[in-house]
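Q: Make a model of this:
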Amino acid sequence: MANDMGEVEAHYESLLASVYDWMQGGWDAKAVAARSLFETLGVSGETAVDLGAGTGYQSIPLAELGFEVVAIDSSAEMLAQLSTRADRLAVKVVRDDIANFGAHVRTAPNLIVCMGDTLSHLPTHESVAELLAATWETLAAGGVLVLSFRGGVDLPESNGRFLPIRSDDDRIFTCFIEEVDADYMRVHDVLHTRSDRGFIQQVSSYNKLRLDPAGISAQLDQLGFVETHREDANGFVTLAVAKP
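A: Just a heads-up that it's a prediction; the model follows:
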C-alpha cells in the first residue's frame, strides 16, 4: 500500500485549503509560533527551503528573518495565499511534489524545514527515508533541518476517534480517525458550513502515514545529523537536527 498523492492533493483543494488557517486557529498565531521557534533555535544563513509550505506559516517568518526562501507545496490555493502574504519578501513559491525539492534549489541551503502534517502525507515510509536522506545531501555543512509531525504509533480508540477540531457560529470542523494497518491511518474530515438553508456538510478523507518519532530520530542519527532541539506536546513532535 502507498498513500495516493492525488487523493491527498484533491482533499486539500476540495475541502481543507480554503479553511486551513481558520482550522489551525488563525494564520497570525501559527506564524508567531514558528518565528518564536526559529528564534529559539538561533537559525541563521542565506537560504532556506520550506517543504510543505502551505499558506506560509514558516516561509514568511523565515523571509522576515533574512532568509531567501524556496517554498514548495502541491496546493495551488494555499500557495496563492502564501504569494499574497509574501508580497515583496524573498520567497520563491513553487508548486511541486516536495520530493523534487532539489530541482528548485540552486545553492546548498542553510536551513530546511518540513512541518505540520507534511511527512505523513508522503506515499510510504521508504519515501520518508528518501526525503530525509535528500535533506542531508542538500544541506550546507552546518545546516539545520527542522521537522514537526504527529506521532501515529498509538491511535485513539472507540469514541476517542472523533475529534472536534474547531467551531464558530458559521462553521464546525470535526475529524474521525480510522486505523488501516500498522503503517497507515485514514483521516475523515467533516466540515459543516452555515447557509441560508441550514448547515451544509462536506466530507473528504485520505490516508496518512503512521509515523514513529523514535524511528524518525534513529534515521536522522544514522544519516549523521546531530539533534539540537526536541519538543513533544500532545503527541506532536518537533525536532531540530544539525549537519556537522
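
Q: so where do the helices sit in the protein?
A: 5-11, 20-23, 27-41, 59-64, 76-86, 125-138, 213-223 (DSSP state H).

Q: Could you export those as CSV, including distance to Arg150 and mean pLDDT?
A: Just so you know, the C-beta spots here come from the backbone N, C-alpha and C atoms, and that holds for glycine as well. Converted to CSV, those look like this (distance: least, CB to CB, whole Å; pLDDT from 0 to 100):
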stretch, distance to Arg150, mean pLDDT
helix 5-11, 15, 90
helix 20-23, 14, 96
helix 27-41, 15, 97
helix 59-64, 21, 98
helix 76-86, 19, 96
helix 125-138, 13, 98
helix 213-223, 9, 97
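
Q: Could you give the number of residues near Ser75?
A: By other CB atoms under 10 Å, the residues close to Ser75 number 22.

Q: which residue packs closest to it, ignoring adjacent ones?
A: Excluding the flanking residues, the one nearest Ser75 by CB to CB, 6 or more residues apart in numbering is Tyr12, at 4.8 Å.

Q: where does that neighbour land on pLDDT?
A: Note for Tyr12: predicted pLDDT of 93.

Q: Check the spacing between Thr55 and Asp117 real quick.
A: 14 Å (CB to CB, to the nearest Å).

Q: Tell me which of those two has more neighbours.
A: Shown here are Thr55 and Asp117; by other CB under 10 Å, Thr55 has more neighbours (25 against 18).

Q: Does that one touch Leu82 like I think?
A: Yes: between Thr55 and Leu82 there is a contact at 5.3 Å, judged by CB atoms under 8 Å.

Q: winner for burial among the helices of the chain?
A: Ranked by mean neighbour count, these are led by helix 59-64 with a mean of 24 (mean count of other CB atoms under 10 Å).

Q: tell me what that one is packed against?
A: Helix 59-64 sits against helix 27-41, strand 47-51, strand 68-73, helix 76-86, strand 91-95, with contacts defined as 3 or more CB pairs under 8 Å, 6 or more residues apart in numbering; DSSP states H and E.

Q: was I right about Ser14 contacting Ser204?
A: Yes: with contact defined as CB under 8 Å, Ser14 reaches Ser204; the gap is 5.8 Å.

Q: For the two, indicate the residue with more neighbours.
A: Shown here are Ser14 and Ser204; by other CB under 10 Å, Ser204 has more neighbours (17 against 11).

Q: wait, what's in contact with that one?
A: For Ser204, the contacting residues are Ala10, His11, Ser14, Leu15, Leu16, His188, Asp189, by CB atoms under 8 Å, 6 or more residues apart in numbering.

Q: Would you mind listing the residues in contact with the closest residue to it other than its chain neighbours?
A: Leaving out its chain neighbours, the residue that sits closest to Ser204 by CB to CB, 6+ apart is Leu15, at 4.4 Å. By CB under 8 Å, 6+ apart, the contact set of Leu15 is Asp189, Leu191, Gln202, Ser204.

Q: Turn the helices of the chain into CSV, including distance to His104.
A: Listed next are these as CSV, based on distance: least, CB to CB, whole Å:
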stretch, distance to His104
helix 5-11, 18
helix 20-23, 23
helix 27-41, 21
helix 59-64, 13
helix 76-86, 13
helix 125-138, 11
helix 213-223, 22
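
Q: for those, which one sits closest to Thr174?
A: helix 20-23 (10.7 Å; CB to CB).

Q: For that closest one, enumerate the helices and strands it packs against.
A: Against helix 20-23 (3+ CB pairs under 8 Å, 6+ apart) you get strand 162-167.

Q: one more time with 6 Å
A: Helices and strands touching helix 20-23, by 3 or more CB pairs under 6 Å, 6 or more residues apart in numbering; DSSP states H and E: there are none.
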